[in-house]
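Enquirer: sequence plus the predicted model coming up.
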Amino acid sequence: MGRTIGIDLGTTNSCIAFSDGGHPTVIQSKSGSRVMPSVVAFSAKGERLVGLVAKRQAITNPKNTVNSIKRLMGRRYSEVVDYLNAVSYEIVENTNGDAAVRIMDRIYTPPEISAIILQQLKITAEEFLGEEVTDAVITVPAYFNEIQRQATKAAGKIAGFNVKRVLNEPTAAALAFLEPEGVKKLVVYDFGGGTFDVSVLKVIEGVFEVKATLGDTTLGGDDLDTKLVNWIMEEFKTETGIDLTRDNIAPQRVREAAERAKCELSMTQETDINLPFIATGDSGPVHLEITITRTLFEELAGELIKKTIPLCKDALEDAGMQIEEVDHVVLVGGSTRIPLVQKLVGDFFGKKPAQSVNPDEVVALGAAIESSVLTGQRKDLVLIDVTPLSLGVETLGGVLAPIIPRNSPIPMRNSRVFTTASDNQSVVGVHVAQGEREIIDGNRSLGTFELRGIAPAKRGEPRIEVVFEIDANGILNVSATDTSTGQKQSIKVNPSGGLSGTDIDRLRKEASANAEADKIKLKFVGLKNEADEVIYRASKSLKIAREELDKESWEQFEVEIKNLKLLRDGDDSLALEKGISEVRKQNESVSKLIEMFDTAEESATSEFLDSISKSEGE
């Protein structure tokens, strides 16, 4: 059995951690990075790129580079129409009406793209731990609905994971932040790249009980970036008359610069954006040069940030808790580094938010802790989470009849009895939905099924029991039973957010095949990096050798270095490995000759000085 890890599958960055004896540790990549950009790209050759290497080429390959895919997970195309202009790649509507991505004439669902990210994380974890990783706890925003949770679980399955738990991100953060002893009340304010969540928890001697959770899955750091991007391009248009939105590459350059400026403004009062040759005007190349102040950014983004405070207030009310009762406020997500966010949160809660946790890593650490609970490493923790949105069925007149109210603890089983709307009705349609609107159309439809074989009777007489069951992952099963005949029918919410079981199996096999290719490619990248280091050291030795040794001593060494440079830029890993070994040997030989030459020179100098000293003595 392989190792279990915790995964924070983030909108902007992803992070992984493992638990050893109940103590969580962040897993680093070979380059030492503790987080990986949640970016996937496809090169002109069809090569798949993931993480930092994908992000680096985004400016020159914007249409084939996918970022912030988490915002599309489990969502209908109609729900993301306003988001279309915020990304460089093409978002399309698939046959199910769900949002998908078109890359190089192929349609990818959000779970497929997310699976590519997860698969790279799996490779990184296996290299770090030196063993197979099979199981995972994957976190999701607390306000994700059933479809979005199922889509996340499907992504994990495609990537080759057995997803042991889908865990709410704020809950994971609480596990990593707070020791289980004593009685504490805390609020987790989670403002990430694509979503906002707030959860209120009560911890009593190791029992972590979520009292309430609220959020907005369409509000995140991406939206703050968009505000700044739009302002910059509007200012540029006013000044030059050039509309950058008509260009293919310019908007991506502006967005990258805006994101960097946003981060810099968390540490300084103003920053400059300089983008040379951003466009071409009547008189030639045009450059974008503009100064952004923290005050300006706060004016642009302040309205969005302030939308989080009423949600905090409502979450406290749902939890039946007063502000004065809150012991700790924990900030999670990269957007919480923004000074205005920290000020607004501090002012509302009347206390300074906790700064003792890394907002980029705390969720992954909490997921690793939960994995240690599930595997039996830790027995001092109990987690009681809640369902974020009400679940129910459609009744006569298009009204939603709740069966499980929001903020109900999970796992949960609840039922209600319904009846027929007309005489001798033999079939009843059961429409399952999730949300807080009384009218069914204002909520998210999760699926429909029919209960057949109802015994003939007058309207209102049949007794039909509808049962809702939510497991610890927040995954829903619904059944309906005619109590008089025993006829039963059930539905499980689509486990993929648009993918069938056959699709998932097919994609998992594809992902497995790609994983092997990725491992080979990763090894080759490592060899190239190793070659760069060897060339650097060898070139220093060669420079000294040219100055101190005769040509015969270093001539072949120079040839081997040139050969290694050619191999580094090629695609033959075996030849590259051999070339590295050869240059290393040559470097050792030349270094010894240099050392011998220096020693001999020092000895000769010493003898010369001794002879002078003797002469002077005589």
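Expert: Looks like it arrived, so ask away. This structure is a prediction, so every number in the text was calculated from the model and none was measured.
Enquirer: for the closest residue to Arg255 other than its chain neighbours, grab the count of nearby residues.
Expert: In space, and not counting its chain neighbours, Arg255 is closest to Val229: 5.2 Å by CB to CB, 6 or more residues apart in numbering. In this view, the C-beta of every residue, glycine as well, is placed from N, C-alpha and C. By other CB atoms under 10 Å, 23 other residues sit near Val229.
Enquirer: okay, buried residues for whichever strand or helix holds Val229 please.
Expert: Using DSSP states H and E, Val229 maps to helix 221-240. Residues of helix 221-240 classed as buried by neighbour count (16 or more other CB atoms under 10 Å): 221-233, 236, 240.
Enquirer: helices and strands around the helix or strand just after it, which ones?
Expert: Sequence order places helix 250-264 as the next helix or strand after helix 221-240, per DSSP H and E. Under the contact criterion of 3 or more CB pairs under 8 Å, 6 or more residues apart in numbering; DSSP states H and E, helix 250-264 touches helix 221-240, strand 270-281.
Enquirer: could I get those as JSON lines with distance to Thr485 and mean pLDDT?
Expert: Formatted as JSON lines, these follow (distance: least, CB to CB, whole Å; pLDDT from 0 to 100):
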{"stretch": "helix 221-240", "distance to Thr485": "52", "mean pLDDT": "94"}
{"stretch": "strand 270-281", "distance to Thr485": "70", "mean pLDDT": "92"}
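Enquirer: could you save these as CSV and add columns showing distance to Lys458?
Expert: Shown next, in CSV, are the helices and strands packed on helix 250-264 (distance: least, CB to CB, whole Å):
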stretch, distance to Lys458
helix 221-240, 54
strand 270-281, 73
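Enquirer: between the ones you listed, which one is nearest to Lys45?
Expert: When these are compared by CB to CB, strand 270-281 sits nearest Lys45, at 26.7 Å.
Enquirer: picking that back up, closest one of the buried residues of helix 221-240 to Gln269?
Expert: For the buried residues of helix 221-240, the nearest to Gln269 is Leu228 (15.8 Å; CB to CB).
Enquirer: the closest one contacts Phe297, doesn't it?
Expert: Yes: at 6.4 Å, Leu228 and Phe297 qualify as touching, with contact defined as CB atoms under 8 Å.
Enquirer: tell me the residues that contact both of the two, please.
Expert: Contact criterion CB atoms under 8 Å, 6 or more residues apart in numbering; residues shared by Leu228 and Phe297: 261-262.
Enquirer: so how far is stretch 237-247 off the chain centroid?
Expert: In this view, stretch 237-247 has its centroid 33 Å away from the chain centroid, taken as CA atoms, centre = their mean, to the nearest Å.
Enquirer: please read the previous query as pertaining to stretch 231-239.
Expert: On the basis of CA atoms, centre = their mean, stretch 231-239 sits 31 Å off its chain's mean C-alpha point.
Enquirer: could you dump it to CSV, C-alpha only?
Expert: Output in CSV follows, covering the C-alpha atoms of stretch 231-239 (Å, rounded to 0.1, in the frame of the first residue of the first chain):
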residue,chain,number,x,y,z
TRP,A,231,-7.6,50.1,-15.6
ILE,A,232,-4.1,49.8,-17.1
MET,A,233,-5.4,49.0,-20.6
GLU,A,234,-8.0,51.8,-20.4
GLU,A,235,-5.3,54.3,-19.3
PHE,A,236,-3.0,53.2,-22.1
LYS,A,237,-5.9,53.5,-24.6
THR,A,238,-6.7,57.0,-23.4
GLU,A,239,-3.0,58.1,-23.7
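Enquirer: for Asn473, see how far away Leu275 is.
Expert: From Leu275 across to Asn473, the span is 45 Å (CB to CB, to the nearest Å).
Enquirer: tell me which residues of stretch 203-214 are tucked away?
Expert: Judged by neighbour count using 16+ other CB under 10 Å, the buried positions of stretch 203-214 are 203, 208-214.
Enquirer: CA atoms of that stretch as CSV?
Expert: Extracted C-alpha coordinates of stretch 203-214, given in CSV (Å, rounded to 0.1, in the frame of the first residue of the first chain):
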residue,chain,number,x,y,z
VAL,A,203,-12.7,23.1,19.0
ILE,A,204,-13.2,21.2,22.2
GLU,A,205,-10.4,18.8,23.2
GLY,A,206,-9.5,17.6,19.7
VAL,A,207,-13.0,17.7,18.3
PHE,A,208,-13.0,20.2,15.4
GLU,A,209,-16.7,21.1,14.8
VAL,A,210,-17.5,23.4,11.9
LYS,A,211,-20.5,25.5,13.1
ALA,A,212,-21.1,27.4,9.8
THR,A,213,-19.6,28.2,6.5
LEU,A,214,-20.3,30.8,3.7
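Enquirer: cool, thanks, signing off.
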